[in-house]
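1. only geometry, no sequence info:
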């Protein structure tokens, strides 16, 4: 078991960052991190923090705060437990660091640096003044395989290139929507034929706690495709999780892909969305009264005439968060069944 400290000195809305470019065989090589290091025999976290700060920066810390504990897992190596601090009080004269270059970087420019992906998560927690936290980060090489905050797994997504192919970069869902990264989703439309030959669509009303479009009418079921997963398996999972519908993969008809971009603000926070959605239709019988709704995602469901859905979407009714292009794909497919 490795015990270490990691600290970010702050002043004038900047963090003191260490660009690790000097050490050989360094797992942090070329990345920007905070200062810190391993405990020495008999040291407390604070003893280690103060000693490492003096050795690496020349500053004596006078005011600091323990913000959380980060469990760092790299490949199959021994776990490292990092005590994460910020420090806003220090004195002394700066010295050259033998592990890299020290540089004051504006907090709003940190995200542009070459960071560990998990570091982006705890920078957000620091920014939000999150209470003391436990963050587990598991890497395979540079790829973030798992992130768990206070015992709850965080959703990780594959970031795509302009052609819709995974780049190999994996990023936490909230950061994806903060940056507007291109990512994958699965959309499932549940449809039923009426006696007059027309079609109804089952719409879900999004939970009022959702981070985007709370309380709006949306696709029957939809969700992000987790990193390393496929569109179809994600579609089957979303139907089960959100609505309690257990279906086979061959019961979903694939219509194609739809690319969507959106920027807006919800609850005072910017929300950027750029997704490649796989669009499916499900026409097996569904009793809306027998569904098991995922309360954190879905407030209610209702059947609505497809022409009404199209009309309200075309009018840009703020109670609907649907894409006309995707709806037209669904309409074309259903009309072909007549």
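-> Sure, I can see it. Here the structure is a predicted model, which means the values were calculated and not measured.
2. so where's the protein uncertain?
-> 338 (pLDDT under 70).
3. just the helices in it please.
-> 45-57, 117-127, 173-179, 231-238, 306-314, 324-335 (DSSP state H).
4. Identify the residues contacting the residue nearest to residue 110 when sequence neighbours are not counted.
-> Once flanking residues are discounted, residue 110 sits nearest to residue 123: 5.9 Å by Cβ to Cβ, 6 or more residues apart in numbering. C-beta here means a position set from N, CA and C on the backbone, and glycine is covered the same way. Contacts here follow Cβ atoms under 8 Å, 6 or more residues apart in numbering; on that basis residue 123 touches 110, 111, 115.
5. same check, this time on residue 281
-> Residue 281 makes contact with 188, 189, 190, 191, 252, 253, 255, 330, 333, 334, according to Cβ under 8 Å, 6+ apart.
6. The first one: how many residues sit nearby?
-> By that I understand residue 188. Neighbourhood size, residue 188 [other Cβ atoms under 10 Å]: 25.
7. what's the distance between the closest residue to residue 300 other than its chain neighbours and residue 290?
-> The shortest distance from residue 300 to any non-neighbouring residue, by Cβ to Cβ, 6+ apart, is to residue 205 (4.5 Å). Spatial separation of residue 205 from residue 290 under the definition Cβ to Cβ, to the nearest Å is 17 Å.
8. now do residue 332
-> According to Cβ to Cβ, residue 332 and residue 290 sit 30 Å apart.
9. that older thread, could you dump the helices of the chain into a markdown table with distance to residue 245 added?
-> Shown next, in a markdown table, are these (distance: least, Cβ to Cβ, whole Å):
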| stretch | distance to residue 245 |
| --- | --- |
| helix 45-57 | 49 |
| helix 117-127 | 32 |
| helix 173-179 | 23 |
| helix 231-238 | 9 |
| helix 306-314 | 20 |
| helix 324-335 | 17 |
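10. Mind checking those helices for the one nearest to residue 90?
-> helix 45-57 (7.2 Å; Cβ to Cβ).
11. Pull the distance from the closest one to the chain's centre.
-> 33 Å (Cα atoms, centre = their mean, to the nearest Å).
12. cool, stretch 267-277 as well?
-> 11 Å.
13. ok, now stretch 185-198?
-> Distance, stretch centre to chain centre, for stretch 185-198: 30 Å (Cα atoms, centre = their mean).
14. Tell me the buried residues in stretch 137-150?
-> Using 16 or more other Cβ atoms under 10 Å as the test for burial, stretch 137-150 gives 137, 138, 139, 144, 146, 147, 149.
15. Need the max-distance pair from those.
-> Using Cβ to Cβ, the buried residues of stretch 137-150 span at most 16.0 Å, a distance reached by 139 and 149.
16. Tell me the bridge partners for residue 140.
-> residue 143 (DSSP bridges).
17. Do I have it right that it meets residue 77?
-> No: using Cβ atoms under 8 Å as the test, residue 140 is too far from residue 77 to be in contact (11.1 Å).
18. which residues sit in contact with the residue of the chain positioned farthest from its centre?
-> Going by Cα atoms, centre = their mean, the residue of the chain most distant from its centre is residue 196, 44.0 Å out. Applying Cβ under 8 Å, 6+ apart to residue 196 gives no contacts.
19. Kind regards, and thank you for your time.
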